[in-house]
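# This is a predicted model, with the sequence first.
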Amino acid sequence: MKQIYSLLFLFIFSSVYAQKKFTVYFDTDSHQLNLTELNRLDANFKNKTIEIISVTGFCDFRATNSYNDSLSLNRANFVGGLLNKLVNATDFQISGKGENFKQNSNLSKNRKVEIVYNELSTIKDSDTSYIKNELTEKIQNSKIGDKLVLKKMNFYNRSDILLPNSSPIRDELLQVLEDNPKLKIEIQGHICCTPGVDKEEIALKRCKAIYNYLITNGIDKTRLSYKSFDATQPIYSIPEKNEEQRIANRRVEILIKDK
């Protein structure tokens with residue numbers, strides 16, 4: 001009987017957790033993922049309950065051992081930071097193997113990070129395609145002229161590319177606009193770190209990134225406008241005290257123009 005219970009436990013455990021491996025690839029000499037690989041990472045882990053076991057970086061052989069050891073670890077740390085934001089992952093092993101592994105003849109396959117993880121199987125309600133959360137409620141309770149911070153909609157530094165875990169809030173904004181056809185908004189972009197006017201217009205590019213996403217997904221452009229404020233309206237005073245404050249200042253807000 002004890003053996004039967006043990007087998008039953010193993011069956012249940014194995015049906016709940018399934019250890020998997022996911023690999024992302026890097027450009028030459030880079031420790032940051034390009035947009036294609038960022039989207040792949042986001043798509044694989046989005047809306048899943050994940051336990052990260054290990055994150056391991058690798059390099060091709062075209063550099064010194066010490067350089068490759070450092071680069072592979074930087075790649076692993078970069079991906080580990082993304083996973084921390086994407087699935088709230090902590091307490092997992094991060095390491096870099098440099099070029100010390102069996103190299104693939106296709107060098108692009110050696111510039112990688114391998115993620116080993118457990119995925120907790122969950123039952124999804126097929127009828128729950130849209131769940132009301134904080135942004136939806138704020139917009140519903142807002143008045144014309146109100147300004148709302150899109151919490152958790154954050155960007156890479158000096159970039160209009162969203163962090164992977166910011167996609168849900170962008171998707172919800174789209175859903176709210178679809179559900180409220182009279183709603184009109186102004187998208188307002190902000191940056192961190194550098195006071196005054198930004199010659200690269202990163203804040204404006206962030207506005208346009210959200211604007212173009214909404215237009216591409218069917219929102220009439222007459223309902224949307226955008227405006228850049230650069231670093232003139234920071235949430236936290238510049239220079240910020242830490243990375244958390246810098247991330248908070250790299251933001252997009254929306255102004256309710258009509259309902």
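Sure, I can see it.
# any low-confidence regions in this structure?
Along the chain, the model assigns pLDDT under 70 to residues 1-18, 120-132.
# got the domain boundaries for it?
11-120, 134-258 (automatic domain parsing).
# And the shortest one, how far out from the chain middle?
The reference is to domain 11-120. 15 Å (Cα atoms, centre = their mean, to the nearest Å).
# what do you get for stretch 194-202?
For stretch 194-202, the distance to the chain centre is 23 Å (Cα atoms, centre = their mean).
# which other residues reach that stretch?
For stretch 194-202, contacts defined as Cβ atoms under 8 Å, 6 or more residues apart in numbering pick out 158, 159, 160, 189, 191, 228, 230, 231, 232, 238. (Glycine included, C-beta is placed from N, CA and C.)
# still on that earlier bit, could you dump the domains of the chain to JSON lines with mean neighbour count?
Output for the domains of the chain, formatted as JSON lines (neighbours: other Cβ atoms under 10 Å):
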{"stretch": "domain 11-120", "mean neighbour count": "16"}
{"stretch": "domain 134-258", "mean neighbour count": "17"}
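# circling back to that earlier point, need the contacts of stretch 194-202 in JSON lines (columns: secondary structure and distance to residue 39).
JSON lines is the format used below for the contacts of stretch 194-202 (DSSP: H, G, I helix; E, B strand; the rest coil; distance: Cβ to Cβ, whole Å):
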{"residue": "158", "secondary structure": "coil", "distance to residue 39": "19"}
{"residue": "159", "secondary structure": "coil", "distance to residue 39": "14"}
{"residue": "160", "secondary structure": "coil", "distance to residue 39": "14"}
{"residue": "189", "secondary structure": "strand", "distance to residue 39": "21"}
{"residue": "191", "secondary structure": "coil", "distance to residue 39": "23"}
{"residue": "228", "secondary structure": "strand", "distance to residue 39": "25"}
{"residue": "230", "secondary structure": "coil", "distance to residue 39": "28"}
{"residue": "231", "secondary structure": "coil", "distance to residue 39": "28"}
{"residue": "232", "secondary structure": "coil", "distance to residue 39": "31"}
{"residue": "238", "secondary structure": "coil", "distance to residue 39": "31"}
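# Would you mind checking which of those is nearest to residue 142?
Closest to residue 142 out of those is residue 189 (19.4 Å), distances taken as Cβ to Cβ.
# Stretch 98-107: end-to-end distance?
13 Å (Cα to Cα, to the nearest Å).
# Could you pull out the helices in the protein for me?
Remark: helices assigned in the chain by DSSP state H are 2-16, 35-45, 65-87, 134-140, 167-179, 202-216, 243-249.
# excluding its backbone neighbours, what's nearest residue 209?
Leaving aside its sequence neighbours, residue 209 sits nearest to residue 160 (Cβ to Cβ, 6 or more residues apart in numbering; 4.3 Å).
# one step back: would JSON lines of the contacts of stretch 194-202 with distance to residue 73 be doable?
Supplementary listing: those in JSON lines, determined by distance: Cβ to Cβ, whole Å:
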{"residue": "158", "distance to residue 73": "23"}
{"residue": "159", "distance to residue 73": "23"}
{"residue": "160", "distance to residue 73": "28"}
{"residue": "189", "distance to residue 73": "34"}
{"residue": "191", "distance to residue 73": "29"}
{"residue": "228", "distance to residue 73": "37"}
{"residue": "230", "distance to residue 73": "35"}
{"residue": "231", "distance to residue 73": "32"}
{"residue": "232", "distance to residue 73": "38"}
{"residue": "238", "distance to residue 73": "31"}
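# Can you give me every residue that contacts the residue nearest to residue 209?
202, 205, 206, 208, 209.
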